[in-house]
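Asker: The following block contains a protein sequence and its predicted model.
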Amino acid sequence: QLQPVESGGGLVQPGGSLTLSCTADRNSLDFYTIGWFRQAPGKEREGISCITSPGGNTNYTDSVKGRFTISRDNAAHMVYLRMNDLKPEDTGVYYCAAQGIPLLATCTDWTGYDYWGQGTQVTVSS
């Protein structure tokens, strides 16, 4: 069973950048669509970006388009989320999740994610 593990969260000032990383404990994420989700205080968890494998097709929610970039390095068994121009409303716990079915061609919605990490806190504040 996949067990994603996130890292890279922290405190950053508005306008700053962070890169989150996701890898898998015990098994590789290489063949699975990976999604990044976040949960802001008092709000429901929302999908923000995803990337398929092996095609590398991506999708972003509107609020992060042009600021966040998802990528993967299957040789290193890693998925990244580069976050630029961070805003206070980006604050939350960020989760990495893997789809339950491997080798999907697209990720057009935020359903079907069966394997979740524990989350990493991102705080954007001056």
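Answerer: Right, received. Where do you want to start? Numbers count the residues shown, from 1 in each chain.
Asker: dump the residue contacts of the spatially most central residue of the chain.
Answerer: Of all residues in the chain, the one closest to the mean position by CA atoms, centre = their mean is W36, 2.3 Å from it. Taking CB atoms under 8 Å, 6 or more residues apart in numbering, we find W36 in contact with L20, C22, G47, I48, S49, C50, I70, L81, Y94, Y95, C96, A97. The way it works is simple: take the backbone N, C-alpha and C, and place the C-beta from them, glycine included.
Asker: ok, now with 10 Å
Answerer: Contacts for W36 (CB atoms under 10 Å, 6 or more residues apart in numbering) come out as 6, 20, 22, 47-51, 60-61, 64, 68, 70, 79-81, 83, 94-97, 117.
Asker: Now the buried members of those.
Answerer: 6, 20, 22, 47-51, 60-61, 64, 68, 70, 79-81, 83, 94-97, 117 (16 or more other CB atoms under 10 Å).
Asker: Next step: these restricted to strands.
Answerer: 6, 20, 22, 47-51, 60, 68, 70, 79-81, 83, 94-97 (DSSP state E).
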